[in-house]
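Novice: the sequence isn't on hand, but the structure is:
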C-alpha cells in the first residue's frame, strides 16, 4: 500500500505529469521543424540554397536536444551528463564545425529522439489526460448533475444524482493507482531520454578519462570512476564497464600505461606522449 | 582480472539478470493477454480469428525484447570479453 501511496508525495509523479502534457506540443513542434527542414534542405541542396537550411536544422536539433535534456533531468530525474555528451565543436573554420556536427553520432541520436518524441508525446499525452479523467471524473459528475449539465457514457445519459455516483468507485480506484502509473511512465520516459540524449560517445569518454588522469596523475580505476562520477554524474555514460573498456582501449593504443600493484591496476598517462597526441 | 574488473563484471551480470527478469515479466503479461483474447474469441462469434493481430503485432516486440535480453551485448562488453580471452590465452 505504501508503494502505491508513496507516489502521491513523490515530486517525480507531478514532474511526469507535466512532462507527459508537454510531450504533445513539443513533439509536434520538433517533428514538424526537423521533417520540414530536412525535406526542404535536401530538396534544395542541388541549388546550394538547401545547405543553409540543413545547417539551420542541425543547429535547431542541437538546441532542442539541450532543452529536452534539461526537461528530462529536472522533471523526471533522468540521468543526464552534467555537460553535453559530445565534444565541443572545433574552433576553426565553419567547415570544420559543420563536419564535427554531422559526424557526431550524438547529433543523429538527437534527431532520432526529436522524431520519436511525436509518437511518444501522443502516447504520453493520452495516458495523462485519460488518467486525469478517470481520477477526477467521478467527483465532477455529481457536481455537473447539480448544476444541470448532463453527462453521457455511451448511450446512457446520466441526469440524476444516484446515477452520477456510479463513476465514483472507478475514480477512487484510479486516484489510488493513477499516480503510480504516472510515476512508472515517467521512469520509462526518462530511460528513453537518457538512452538517446544522455550517453557520451566513446571518443568523448576517452577524452573525459584522459582529462581525469591529467588531474589525478597515477590512479587506480576506482579513483578514476569516482572522479568521473563527481564531474559527470553516474549513468549509462559513466559506469564501471565503460570506464574499464575505455582504459583498455587507451592502454592498447599506448596512451596510458598500466601496472599491477597487488590486486589493483594503476594507470597513468604516458609521459612521452604530448597532450596534443592524446 | 583485477578488483575493478571483478566489480565491473558483477555489475554487468546484475544488469544481465535484470534484463532477463524484465523479459520474463513482459512475456508473462503477453501470454496471459493472448490466452484471454483467444478465450474471448472462442466464446464469442469465432468465425474470423481476429486474435492473430495482437498475437503477431505484440509478438514482434516480444521477439525484439528476447533478442535484447538474451543476445545483445554492448560494444564495451564485447571488447572486455575479447580482451579477457586474449589475456587468458597469454597466461
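Specialist: Sure, I can see it. Not measured: the values here are computed from a predicted model.

Novice: ok, residue A:64 - how many residues close by?
Specialist: Per other CB atoms under 10 Å in any protein chain shown, the neighbour tally for residue A:64 reads 20. Where you see a C-beta, it was placed from the backbone N, CA and C, and this is true even at glycine.

Novice: three-state assignment of the residue in the stretch 51-200 of chain A that chain B sits nearest to?
Specialist: When scored by CB to the nearest CB, the stretch 51-200 of chain A has residue A:199 as its residue closest to chain B, at 10.2 Å. What DSSP: H, G, I helix; E, B strand; the rest coil gives for residue A:199 is coil.

Novice: tell me the contacts of residue A:16?
Specialist: Taking CB atoms under 8 Å, 6 or more residues apart in numbering or on different chains, we find residue A:16 in contact with A:75, A:76, A:182, A:183, A:185, A:186, A:187, A:189.

Novice: for chain A, just list every one of the helices.
Specialist: Applying DSSP state H to chain A gives helices spanning A:2-5, A:11-44, A:50-76, A:94-103, A:105-146, A:161-164, A:168-197, A:202-216, A:221-232, A:240-252.

Novice: of all those helices, which lies closest to residue B:8?
Specialist: helix A:240-252 (3.6 Å; CB to CB).

Novice: please compute how far that closest one lies from its chain's middle.
Specialist: 25 Å (CA atoms, centre = their mean, to the nearest Å).

Novice: between that helix and helix A:221-232, how many degrees?
Specialist: On the basis of axes from the mean of the first three to the mean of the last three CA atoms, to 10 degrees, helix A:240-252 is oriented at 110 degrees to helix A:221-232.

Novice: counting by contacts, list what helix A:240-252 packs against.
Specialist: helix A:202-216, helix A:221-232, strand A:256-261, helix B:3-43, helix B:75-90 (3 or more CB pairs under 8 Å, 6 or more residues apart in numbering or on different chains; DSSP states H and E).

Novice: what does chain B put close to chain A?
Specialist: Proximity of chain B to chain A, by CB under 8 Å from any CB of the partner chain, involves residues B:2-5, B:7-8, B:11-12, B:74-77, B:79-80, B:83.

Novice: any low-confidence regions in the stretch 51-200 of chain A?
Specialist: For the stretch 51-200 of chain A, the stretches with pLDDT under 70 are A:82-93, A:154.

Novice: what's near enough to touch residue A:270?
Specialist: Counting by CB under 8 Å, 6+ apart, residue A:270 touches A:254, A:255, A:256, A:257.

Novice: neighbours of the second one, how many?
Specialist: Using other CB under 10 Å, residue A:255 is surrounded by 17 other residues.

Novice: gap between it and residue A:265?
Specialist: 15 Å (CB to CB, to the nearest Å).

Novice: please identify the most buried of the helices of chain A.
Specialist: Of those, the one with the most neighbours on average (mean count of other CB atoms under 10 Å in any protein chain shown) is helix A:240-252, at a mean of 21.

Novice: that helix vs helix B:75-90, what angle?
Specialist: Using the same axes, to 10 degrees: helix A:240-252 against helix B:75-90 is 60 degrees.

Novice: hmm, back to that, got the phi/psi numbers for the residue of the stretch 51-200 of chain A closest to chain B?
Specialist: phi -100, psi 120 (degrees, to the nearest 10).

Novice: correct me, but it touches residue A:237?
Specialist: Yes - with contacts counted by CB atoms under 8 Å, residue A:199 reaches residue A:237, the gap being 5.6 Å.

Novice: look at those two and report which has more neighbours.
Specialist: The neighbour comparison of residue A:199 against residue A:237 (other CB under 10 Å) goes to residue A:237, with 23 against 20.

Novice: quick check, the more buried one in contact with residue A:200.
Specialist: Yes - between residue A:237 and residue A:200 there is a contact under CB under 8 Å: 3.8 Å.

Novice: returning to that earlier point: out of the contacts of residue A:270, flag the one nearest to residue A:172.
Specialist: Once CB to CB is applied, the member of the contacts of residue A:270 that ends up nearest residue A:172 is residue A:256, at 60.9 Å.

Novice: noted, bye for now.
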